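Visitor: model the structure of this input:
(2 chains)
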There are 2 protein chains.
Amino acid sequence: MKQAKQYLRAGFQGERGAFSEIAVRQLLGSESDPIPFEWFDGVFHALIEKKIDAAVIPMENTLHGSVIENFDHLFNHDVEVIGETSVRIVHNLIALPGVAFKDVKEVYSHPVALNQCLKFLKDNPRIEKKTFYDTAGSVKMLAETKRRDAAAIASNLAADIYGARILKRGIEDDRANFTRFFLLQRRGGQIKGKMPLARKVSIVFSTRNEPGSLFRALAALALRDISLTKIESRPLKGKPWEYLFYVDFEGSLKESKVQNALRHLEEVADELKVLGGY
Amino acid sequence: MKQAKQYLRAGFQGERGAFSEIAVRQLLGSESDPIPFEWFDGVFHALIEKKIDAAVIPMENTLHGSVIENFDHLFNHDVEVIGETSVRIVHNLIALPGVAFKDVKEVYSHPVALNQCLKFLKDNPRIEKKTFYDTAGSVKMLAETKRRDAAAIASNLAADIYGARILKRGIEDDRANFTRFFLLQRRGGQIKGKMPLARKVSIVFSTRNEPGSLFRALAALALRDISLTKIESRPLKGKPWEYLFYVDFEGSLKESKVQNALRHLEEVADELKVLGGY
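Guide: Take a look at the predicted model:
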């Protein structure tokens, strides 16, 4: 490690320059050393095994919904949520320095990113779209192969990191494309004190498959005037008739009404896990 | 159209041989003529414009969560849900006839499918993974280019359709990988009578951002002993503090308790849309 000790090692999934790295910067600023991982699973294991201090993972996207895999990792690992941020997904057409727009014959990116730039691709039919495993990775590939007839679609950070240039900025079809990220530490870790005042809580609980069981569980919050900001059900693996519910609500774990609500919820739910306050 | 008139034209997204086409067969059997579309948007428009009789669209996957885009299409188009089915996602290694496993140097598939076969890919490091825009499309590509050094990962139906062979069956990491599909018709269409007795209802409703508003809405179901099987919240576009809720519950639209519950829900929700009973 070249970095001085005070830098937080913050793991994320993807290549350097991924939208997750933008989230790392938004959450931890310049005090962090972003560490890329190939898979989400690897990020969680590295955090548990103390190879990194923090993790930044996407939880949901306004166009594509929840990243279910990460809900499962949160439920199964001894980590806590200590922060959240939203990143607007801005796609840029990126090429190596000196490459002009008219030189571009192919454009590489992750299929999801290509599908979010359909208008641009339709308006420029001479540019052939090519799928690649990663948005930022496609800029990296251009830099490594020195391609001068191709471009990539990725974040502005990816252009910076790989010394490429933005040919067209903001070519996404829908500007209302945001991804919400969680900042995680090991349960009981030391980063939390530096975070802003907590205003939201994330929990997960299971109930039996009985009529009204979710209703009774939500009473614990509603009877105390606590506002939900998200709810999502998910069948329990191997127990097809039982459900997990992921719920976010407004409040702080330090408030007595929140503490009372969680105690009440423990009575009526089969299992309850507080994922964190942030 | 070569088909006789009694065939239902059933639209789906993807290439011929996609998992969605397996869902078409499960839902409509041999009485259907599967019509592929490039985008979900195109499927919905073709249904509304009477270019097809029915549509089969994926709503959620056990590993990846909801297909949010299709919830929005259901909310915005005048269609109704009249059936559902689950397809187990079985990935097969597929090559042209006569190609042996040892000849395979590259494997093509959609990135999500490649990511679901990691154990197979790790066990066979000599095979290079190549991303492609579609699972079934990668088998089609092999057939068109007559590649004898490459394979694809796709459904058994894709192997059948493009005259290819399965080299390895069921190479997915996780067997608990199911996708749930809805069968749709235009609202008031004629297919419904042929479907089995309805046992479930899907609705979507919005509420104001007030503490307890979801709780009051769910009371309409809970007070009548109606069981929820799914709930998911989603922020309303352009109204960041208001929410849509997608809810599935057990029951039939013909039951009086269900009719009463929906009437009650209309009182307490801002807007209510019954997506269908199936």
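
Visitor: gap between the helix or strand that A:Val24 is a member of and the chain center?
Guide: Counting by DSSP states H and E, the element that carries A:Val24 is helix A:19-28. Per CA atoms, centre = their mean, to the nearest Å, the displacement of helix A:19-28 from the mean C-alpha position of its chain is 9 Å.

Visitor: immediately after that helix, which helix or strand?
Guide: Per DSSP H and E, the first helix or strand lying C-terminal to helix A:19-28 is strand A:32-37.

Visitor: which helix or strand lies directly C-terminal to that following strand?
Guide: Downstream of strand A:32-37, the next assigned helix or strand under DSSP H and E is helix A:40-48.

Visitor: what is that following helix packed up against?
Guide: strand A:8-13, strand A:32-37, strand A:54-61, helix A:68-76, strand A:79-88, strand A:178-186 (3 or more CB pairs under 8 Å, 6 or more residues apart in numbering or on different chains; DSSP states H and E). Yep, even glycine has a C-beta here, placed from its N, CA and C like the rest.

Visitor: gap between the fourth one and the chain center?
Guide: Taking CA atoms, centre = their mean, the mean C-alpha location of helix A:68-76 is offset from the chain mean by 12 Å.

Visitor: can you check the longest one too?
Guide: Shown here is strand A:79-88, whose average C-alpha point lies 8 Å from the average C-alpha point of the whole chain (CA atoms, centre = their mean).

Visitor: what sits up against that strand?
Guide: Contact with strand A:79-88 is made by A:19, A:22-23, A:26-27, A:44, A:47-48, A:55, A:59, A:74, A:175, A:177-189, A:191-192, A:195-196, A:200, A:202, A:275-278, as judged by CB atoms under 8 Å, 6 or more residues apart in numbering or on different chains.

Visitor: cool, the fourth one as well?
Guide: For helix A:68-76, contacts defined as CB under 8 Å, 6+ apart pick out A:40-41, A:44, A:57-59, A:81, A:182, A:184, A:204, A:232, A:234, A:244, A:246, A:273, A:275, B:63-65.

Visitor: redo the helices and strands packed on helix A:40-48 as JSON lines? Include mean neighbour count and mean pLDDT.
Guide: As requested, these are exported to JSON lines (neighbours: other CB atoms under 10 Å in any protein chain shown; pLDDT from 0 to 100):
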{"stretch": "strand A:8-13", "mean neighbour count": "24", "mean pLDDT": "96"}
{"stretch": "strand A:32-37", "mean neighbour count": "20", "mean pLDDT": "95"}
{"stretch": "strand A:54-61", "mean neighbour count": "24", "mean pLDDT": "94"}
{"stretch": "helix A:68-76", "mean neighbour count": "18", "mean pLDDT": "89"}
{"stretch": "strand A:79-88", "mean neighbour count": "20", "mean pLDDT": "94"}
{"stretch": "strand A:178-186", "mean neighbour count": "22", "mean pLDDT": "95"}
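
Visitor: now the biggest strand by length in chain A: buried residues?
Guide: Looking across chain A with DSSP state E, the single longest strand is strand A:239-250. Neighbour counts using 16 or more other CB atoms under 10 Å in any protein chain shown place A:Glu242, A:Tyr243, A:Leu244, A:Phe245, A:Tyr246, A:Val247, A:Asp248, A:Phe249, A:Glu250 of strand A:239-250 among the buried residues.

Visitor: how about the nearest residue to the last one, chain neighbours excluded?
Guide: Spelled out, that is A:Glu250. Spatially, and ignoring its direct neighbours in sequence, A:Glu250 is nearest to A:Ser227 (4.7 Å; CB to CB, 6 or more residues apart in numbering or on different chains).

Visitor: contacting residues for that neighbour?
Guide: By CB under 8 Å, 6+ apart, the contact set of A:Ser227 is A:Phe249, A:Glu250, B:Asn209, B:Glu210, B:Pro211.

Visitor: need the max-distance pair from those.
Guide: A:Phe249 and B:Glu210 (13.3 Å; CB to CB).

Visitor: ok, A:Phe249 - contacts?
Guide: The contact partners of A:Phe249, by CB under 8 Å, 6+ apart, come to A:Lys200, A:Val201, A:Ile203, A:Leu221, A:Ile226, A:Ser227, A:Leu228, A:Thr229.

Visitor: having no further points to raise, I will conclude here.
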